[in-house]
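Q: need a structure here:
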Amino acid sequence: MPDQNACTTACAVVLPSLNPNEKFDQVLDGLLEAGFQKIVIVDDGSDAAHQGHFERAAAFPECTVIHHPVNLGKGRALKDGFRVCVEHFPDAEGAITIDGDGQHLTKDILACGNRMLEERTRVVLGCRNFDLPGVPPRSVAGNKTTSRLFRLYGIRLSDTQTGLRAIPQQYLEQFAKIEGERFEYETNMLLQMKRRGIPFSEQEIETVYEDENAGSHYDTLKDSWRIFRIMCKAAFRGTEK
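A: A predicted model of the protein is given here:
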């Protein structure tokens with residue numbers, strides 16, 4: 001069984017970000033204080049007013065910062081982050097994807113990473129409890145709806161929209177080729193895991209929402225439509241390899 005902070009040296013972290021604020025700096029500081037040594041940050045087309053956060057990050061030797069000249073979407077940012085991990089950190093045991101808005105606490109990032117090291121071949125999903133008080137209604141409704149849809153595909157998952165995922169290195173190259181450029185990519189990843197027989201475990205994490213999750217870049221109409229299309233494609237034609 002790995003020691004408490006084994007994943008800080010064994011795992012990379014992939015952090016996509018669009019127009020970050022001070023919470024991004026706090027998340028990064030938490031990673032550095034925990035001892036993470038391989039932090040891949042993807043600036044997904046942030047404007048000039050927000051570049052200072054990336055410049056600050058790039059000054060740390062633990063950080064690799066790549067920039068998209070325009071916003072390409074969270075899916076593309078994650079996939080480009082995976083490619084960096086495969087190319088630059090081939091000896092890493094895996095990568096942990098996180099969000100930069102403060103929803104993922106350092107202790108939970110460590111818990112997911114260390115559980116992945118323990119289980120070796122399983123993707124570990126950091127799952128929130130949507131039955132707790134204080135969770136924004138749109139998050140409760142969206143997650144419970146997609147959870148019911150996932151059951152139609154034989155996938156029982158309590159948090160279908162989690163961005164905290166610890167992924168063994170052996171899957172990163174596959175995941176970098178999965179269809180989806182924006183938020184629908186994370187849904188397609190789960191569907192592809194089912195199709196390809198990639199096992200997963202759920203790790204309960206703290207449910208953190210501030211200001212009704214106002215910092216989210218999720219477009220309720222456009223991104224929900226993309227997710228719906230992905231799930232219809234999986235049902236009627238199969239997802240791409």
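Q: Distance from the host helix or strand of F82 to the middle of the chain?
A: Taking DSSP states H and E as the definition, one finds F82 inside helix 74-88. Centroid separation for helix 74-88 versus its chain: 11 Å, with C-alpha atoms, centre = their mean, to the nearest Å.
Q: who does the very next helix or strand once past it pair up with?
A: Of the helices and strands lying after helix 74-88 in sequence (DSSP H and E), the nearest is strand 94-97. Partners of strand 94-97 in the sheet, by DSSP bridges, are strand 11-17 (parallel), strand 165-168 (antiparallel).
Q: what's in contact with the following helix or strand past the longest one?
A: In the C-terminal direction, the helix or strand that comes right after strand 11-17 (DSSP H and E) is helix 22-34. By C-beta atoms under 8 Å, 6 or more residues apart in numbering, the surrounding residues in contact with helix 22-34 are 5, 8, 13, 15, 17, 39, 41, 53, 56-57, 60, 62-63, 98-102, 104-106, 109-110, 215. C-betas here are computed from N, CA, C, even on glycine.
Q: what pLDDT does K222 get?
A: Here the pLDDT value assigned to K222 is 59.
Q: ok, K194 - contacts?
A: By C-beta under 8 Å, 6+ apart, the contact list for K194 reads 153-155.
Q: Serialize those residues to TSV and add fields for distance to Y171.
A: Output for the contacts of K194, formatted as TSV (distance: C-beta to C-beta, whole Å):
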residue	distance to Y171
Y153	19
G154	19
I155	16
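Q: right, and S46 touches P16 too?
A: No: counting by C-beta atoms under 8 Å, P16 is not a contact partner of S46; they are 10.6 Å apart.
Q: more neighbours, these two?
A: P16 (26 against 18; other C-beta atoms under 10 Å).
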